[in-house]
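J.: what would the 3D arrangement of this be:
(one chain, ligands or ions: 1)
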Amino acid sequence: MTHFFDMDGTLAVYEPEIFQTQPWYENLPPHYFANLPPISSAVNYILSLLEMDRRSIYVCTTVAILDNDKAFYEITTDKIRWIQMHLKGRLLADHFLVARLPRGDNLTQAGSYTKSAVAMARLERPLQETDYLYDDFNPNLNDWRDHGGTPIKVLNGINSYRDDMNCISFS
Ligand SMILES: [Mg+2]
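T.: Below you'll find the model as predicted:
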């Protein structure tokens with residue numbers, strides 16, 4: 001059994017207004033992703049799972065930057081800082097996974113850069129029903145299910161309930 005957690009909108013508060021202007025990463029406050037407030041009950045949940053068996057817990061986040069290497073590294077580093085602070089150093093270093101979109105691709109046609117692909121590459125096997133993805137974003141959840149895993153939709157007050165998969169609310 002494995003548990004994969006999304007970050008934005010699942011473990012950390014998601015602020016959609018940040019993504020309104022394009023390219024969205026050019027006007028971020030300094031270290032924006034390191035300073036996002038945690039969704040405390042979600043963080044407590046993953047901490048309790050980490051306590052039980054840290055080898056089964058992963059964080060898988062998308063850094064959706066197509067053409068700016070500097071922004072990609074800064075944001076990824078800030079997300080690692082966030083994980084270190086809020087997960088108290090308990091997440092195994094090689095259990096932090098980044099789905100990076102390739103140039104010229106987009107969120108719904110991410111091909112081999114989807115979370116399922118990143119997870120399968122890390123696990124070195126196909127997804128199974130006992131591989132769970134906690135995520136707030138439907139394309140990630142659908143993709144996970146299409147590849148044999150079990151998606152759990154995280155309701156965060158911005159997205160909507162769906163009756164074809166388990167939903168969970170941490171707030
Ligand atoms: Mg998300």
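J.: what about stretch 99-116, start to end distance?
T.: From its first residue to its last, stretch 99-116 covers 9 Å (C-alpha to C-alpha, to the nearest Å).
J.: touching, residue 42 and residue 170? I think so.
T.: Yes - counting by C-beta atoms under 8 Å, residue 42 touches residue 170, with 3.9 Å between them. In short, each C-beta sits where N, CA and C put it, glycine included.
J.: mutual contacts of these two, please.
T.: With contacts defined as C-beta atoms under 8 Å, 6 or more residues apart in numbering, the residues shared by residue 42 and residue 170 are 10, 154.
J.: neighbour count for the two, which is higher?
T.: Taking neighbours as other C-beta atoms under 10 Å, residue 42 and residue 170 compare with residue 42 leading, 24 against 17.
J.: so who does that one touch?
T.: Contact analysis of residue 42 by C-beta under 8 Å, 6+ apart lists 5, 10-11, 134, 154, 170.
J.: same check on residue 88?
T.: Counting by C-beta under 8 Å, 6+ apart, residue 88 touches residue 47.
J.: and it, how far from the ion?
T.: Residue 88 sits 21 Å away from the ion, going by C-beta to the ion, to the nearest Å.
J.: got it, and residue 146?
T.: Applying C-beta to the ion, the value for residue 146 to the ion is 18 Å.
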